[in-house]
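Colleague: With the input below, show me the fold.
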Amino acid sequence: MTAPKGARRRMVTVAALAAGAAIALSGCGAGQISQTAEQVAAVNGNHADVGRIALRNVHIVYPGEGTAYNNAKGGKALIALSIINNGESVPDELTSITTDLGTVKITPASGKSVVELAPQQTVVAANQPVKHESTPSSSAAATTSAAAPTSVPHSAAPTTAADSHGAGEHGSQPAATDPEANPILIEITGLTRDVTPGLTYNVSFNFKQNGTVQVQVPVDAGLHTERHESDKSGPAEAEHTGGH
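Modeller: Residues are numbered from 1 along each chain as shown. Here you go, the predicted model:
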């Protein structure tokens with residue numbers, strides 16, 4: 001049994017309209033620069049836990065243009081991460097960091113003399129140079145050792161959780177602040193070799209209460225992904241400013 005001529009004609013018309021719509025959509029996308037052509041690269045930082053301390057997104061920062069951090073032998077590099085004290089009542093302190101890459105210098109947050117971790121607090125190590133009001137005299141610095149990490153003596157005890165809460169109650173500082181607003185700075189100086197993206201490097205983090213943890217730290221792959229031009233990508237000026 002064959003379909004009536006009118007039904008066949010309608011089917012042909014619908015198919016033609018669908019094909020035309022597909023061609024129009026493909027033409028709309030032609031010549032556009034992909035929205036992911038220059039996206040921020042995800043940093044696959046490592047993580048580790050020791051006692052009640054959690055280290056997250058631990059990575060060596062890719063060297064930026066116009067900075068003192070070149071990640072080259074004899075130069076300097078930055079370590080960025082977040083440190084969380086998951087303890088309910090016991091504060092802790094980051095006393096030193098050691099690695100065979102060079103000497104690690106820790107500059108506490110502005111207004112602090114040590115890197116203190118109050119209970120339920122997060123401390124962020126900056127991924128770029130930061131300006132502090134004054135350089136703390138007791139900034140932790142440790143020379144690396146291939147055997148065991150060495151701790152740094154301290155002349156002052158870490159600020160307790162009661163101290164930090166008391167300051168908040170008196171209004172001198174808010175009870176909860178953005179950790180990225182007042183970060184610490186972790187620098188590796190006198191690099192013993194080039195620090196290369198794609199590789200990991202052993203770094204030990206030493207805490208006063210929770211002990212030491214070793215982390216295989218990767219290197220950030222870079223800030224942006226470059227767009228590679230080809231005959232198929234079309235000229236850059238072909239980018240559309242409007243949508244379809």
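Colleague: At which residues are the helices of the chain located?
Modeller: Counting by DSSP state H, the chain has helices at residues 5-29, 161-169.
Colleague: Could you identify which of the ones you listed has the lowest mean pLDDT?
Modeller: Out of the helices of the chain, helix 161-169 stands lowest, with a mean of 40 (criterion: mean pLDDT).
Colleague: Contacts only, for residue 47.
Modeller: Listed by C-beta atoms under 8 Å, 6 or more residues apart in numbering, the contact set of residue 47 reads 54, 55, 56, 57, 58. C-beta here means a position set from N, CA and C on the backbone, and glycine is covered the same way.
Colleague: Thought residue 213 was touching the last one, still the case?
Modeller: No: with contacts counted by C-beta atoms under 8 Å, residue 58 stays clear of residue 213, the gap being 10.0 Å.
Colleague: Mutual contacts of those two, please.
Modeller: Common neighbours of residue 58 and residue 213 (C-beta under 8 Å, 6+ apart) are residue 48.
Colleague: who has more neighbours, those two?
Modeller: Remark: of residue 58 and residue 213, residue 58 carries more neighbours, 22 against 17, as counted by other C-beta atoms under 10 Å.
Colleague: re the thing from before, tell me which of the contacts of residue 47 is nearest to residue 88?
Modeller: Nearest to residue 88 among the contacts of residue 47 is residue 54, at 14.0 Å by C-beta to C-beta.
Colleague: and that closest one, what are its bridge partners?
Modeller: Counting by DSSP bridges, residue 54 is bridged to residue 49, residue 84.
Colleague: Roughly how far does it sit from residue 180?
Modeller: Separation of residue 54 from residue 180 (C-beta to C-beta, to the nearest Å): 17 Å.
Colleague: which of those two has more neighbours?
Modeller: residue 54 (16 against 11).
Colleague: My read is that that one contacts residue 87, right?
Modeller: No: contact between residue 54 and residue 87 fails when scored by C-beta under 8 Å: they sit 10.5 Å apart.
Colleague: ok, back up a step: quick check: of the contacts of residue 47, which lies closest to residue 93?
Modeller: Taking the contacts of residue 47 together and measuring to residue 93 by C-beta to C-beta, the closest member is residue 55, at 14.6 Å.
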